[in-house]
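Enquirer: What would the 3D arrangement of this be:
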Amino acid sequence: EANAIWGGPPAEPVAAEGDPIKIGVQNLEGDPAGSFPEYSVAVQAAADYINAELNGLGGREIEIELCPSIVTPDDSQRCANELAAEGVDMVLSTINFFGNHIGIYQGAGIPVVVGTPITIADFTSPGVFSIGAGGGCFGVHTGLVDFATDGIEELEGIDVQRVGVPWADTPPGVVCYNDLEAKPLDVINGSEPGDSDRAGTKPDLEHIGVPIAPATPDVTPQATEVLDFDPDVIIFSAQGADCWNFVDALGRLGWTPDDIPLVLSGACTDFDALAATGDLGVGIYLTGTANGLFTPADVLPDGEHKTYVTTYNEKAPEYGRDASLLFTGFGGQGWASMMAIWQFAQGIDGEVTGQGIADALAASDGSTPTYGAAPLDCAGASAPYVAVCSRDISVQQWNGEFLETVIDSLDGSGLVAGTELRPG
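Expert: Numbers count the residues shown, from 1 in each chain. Below you'll find the predicted structure:
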């Protein structure tokens, strides 16, 4: 077995007592242009849980070396150099806007796992394992496009021919919009050659891209531009605060989900913000992950997915230093990333090392369930996106009380099959 199937917490906790294994964590924090503190909190909570109850990684205690980073190329490399100098055994790169840190780790022989891949380096670097559920914007953004131009038609009873695409105007946002939103939309309308079964199936499909800089106080002009395009559906992916700032602007302009469906990425997930929208938020779609951790446990049948969610709901707040962050944005992804590392360590004979975990990930073929995500398939990654181990997403809809799953599993990555990279 490449990893262990999660059956729930053990009847008797087993604390790790072996030599520590150092995992470097590079995460964006404290910068309005990109800050994801929930990632760090969830990663540390999972590590503490694994150490206290799951015997660490093969008996070795996980020691997290966190390097918070701001959104500059130099600071990205600073963190990589510091963690390499610390002698970490492997690195979990959560979200990085530049991808210029990966070469530093590779030069030092340190395996890299990417929690949320969003750059060309995250997608295409050999020997890097982008395990994030939905493949970061590779799976999420192509999935947004696939759902918005196909799956939503039956749910909403509409024929989609116009798509509004506000997008996060950041270095990775440029790449993810151009390569993984605009390009697959062009494949569908036939203006971009590709091998997808859907290539050219909507020759009249039109779309508009509207850039939105992070932390823009008033996005009324951008919301107006999107609505003036008269879209049949709107898709948007950004950091949480920016998502709900945009929704607020849409609402002030008279928009409702009944008028034009809105599909947000899982990065926008914030249950307090959803509740605060009141009636305006009812009907908004959000992408999630197959076996995602934000599904209410009481709506799930008994089984693997329910044990993932129940364990997260019980153990993450117990071990997390700020429980309020765990159920926003990338909190679930931070926990799931660490749990996936733990799972893949279970199949290693002898001492668990960073390289051993990397080798186990490299051999994954999609055949074994992965905690909080679709089964990882690093061996089946398609060129040129050779580092992407996960591509499936799910789609939920906010009903005013919780996110109700409307599509369990969706893989839109085929939309970019046979295309050239178009990073913008």
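
Enquirer: tell me the phi and psi of residue 340?
Expert: In terms of degrees, to the nearest 10, the main-chain angles of residue 340 are phi -70, psi -40.

Enquirer: ok, it touching residue 375?
Expert: No - with contact defined as C-beta atoms under 8 Å, residue 340 does not count as touching residue 375 (10.3 Å). From N, CA and C alone the C-beta is placed, and that goes for glycine too.

Enquirer: more neighbours, these two?
Expert: residue 340 (29 against 18; other C-beta atoms under 10 Å).

Enquirer: tell me the contacts of that one?
Expert: Residues in contact with residue 340 (C-beta atoms under 8 Å, 6 or more residues apart in numbering) are 3, 131, 370, 371, 372, 373, 376.

Enquirer: One more: residue 265?
Expert: 137, 140, 141, 144, 236, 237, 238, 286, 287 are the contacts of residue 265 under C-beta under 8 Å, 6+ apart.

Enquirer: from those residues, which has minimum pLDDT?
Expert: Lowest pLDDT of the contacts of residue 265: residue 137, 90.

Enquirer: any idea how far residue 235 is from that residue?
Expert: Computed as C-beta to C-beta, to the nearest Å, the residue 137 to residue 235 distance reads 12 Å.

Enquirer: Same question for residue 65.
Expert: Per C-beta to C-beta, residue 65 is found 37 Å from residue 235.

Enquirer: go on, residue 54?
Expert: When C-beta to C-beta is the yardstick, residue 54 and residue 235 sit 38 Å from each other.

Enquirer: just residue 225 next, same as before
Expert: 15 Å.

Enquirer: So if I had to pick from those two, which one is more boxed in?
Expert: More crowded of residue 225 and residue 235, by other C-beta under 10 Å: residue 235, with 28 against 15.

Enquirer: Let's verify that one: helix, strand, or coil?
Expert: With DSSP: H, G, I helix; E, B strand; the rest coil as the basis, residue 235 sits in strand.

Enquirer: That one contacts residue 180, doesn't it?
Expert: No - between residue 235 and residue 180 there is no contact under C-beta under 8 Å: 11.2 Å.

Enquirer: which residues do those two both contact?
Expert: Common neighbours of residue 235 and residue 180, using C-beta under 8 Å, 6+ apart, are residue 145.

Enquirer: before we move on, back to that, can you flag which of the contacts of residue 265 belong to strands?
Expert: 236, 286, 287 (DSSP state E).

Enquirer: Quick check: the last one vs residue 145, distance?
Expert: In this structure, residue 287 lies at 11 Å from residue 145, with C-beta to C-beta as the measure.

Enquirer: One more: residue 206?
Expert: Distance from residue 206 to residue 145, by C-beta to C-beta: 13 Å.

Enquirer: Kindly report the same for residue 78.
Expert: 35 Å.

Enquirer: quick one: which of those two has more around it?
Expert: residue 145 (27 against 17).

Enquirer: Could you look up the SS state of the nearest residue to that one once chain neighbours are set aside?
Expert: Using C-beta to C-beta, 6 or more residues apart in numbering and skipping the chain neighbours, the partner closest in space to residue 145 is residue 184 (4.6 Å). Three-state assignment for residue 184 (three-state DSSP): helix.

Enquirer: who's in contact with residue 184?
Expert: Going by C-beta under 8 Å, 6+ apart, residue 184 touches 141, 142, 145, 146, 194, 196, 412, 415, 416.

Enquirer: one more time with 7 Å
Expert: 142, 145, 415, 416 (C-beta atoms under 7 Å, 6 or more residues apart in numbering).

Enquirer: Turn these into JSON lines, including distance to residue 328 and pLDDT.
Expert: Below are the contacts of residue 184 laid out as JSON lines (distance: C-beta to C-beta, whole Å; pLDDT from 0 to 100):
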{"residue": "142", "distance to residue 328": "24", "pLDDT": "96"}
{"residue": "145", "distance to residue 328": "25", "pLDDT": "98"}
{"residue": "415", "distance to residue 328": "29", "pLDDT": "96"}
{"residue": "416", "distance to residue 328": "29", "pLDDT": "94"}
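
Enquirer: Tell me which of those residues fall in helices.
Expert: 142, 145 (DSSP state H).

Enquirer: would a markdown table of the contacts of residue 184 with distance to residue 152 be doable?
Expert: Below are the contacts of residue 184 laid out as a markdown table (distance: C-beta to C-beta, whole Å):
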| residue | distance to residue 152 |
| --- | --- |
| 142 | 15 |
| 145 | 11 |
| 415 | 15 |
| 416 | 20 |
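
Enquirer: Check the contacts of residue 184 and tell me the two furthest apart.
Expert: 145 and 416 (9.5 Å; C-beta to C-beta).

Enquirer: do you know how far residue 397 is from residue 155?
Expert: Taking C-beta to C-beta, one finds residue 397 at 8 Å from residue 155.

Enquirer: Which one's more surrounded, those two?
Expert: A count of neighbours by other C-beta under 10 Å puts residue 397 above the other of residue 397 and residue 155, at 19 against 14.

Enquirer: what about the stretch 1-150 of the chain, any weak spots by pLDDT?
Expert: Low-confidence segments of the stretch 1-150 of the chain, defined by pLDDT under 70: 1-7, 133-135.

Enquirer: Walking through it, point out its strands one by one.
Expert: Per DSSP state E, counting those that start in this stretch, the stretch 1-150 of the chain carries strands over the ranges 18-28, 60-69, 90-93, 112-114, 128-130.
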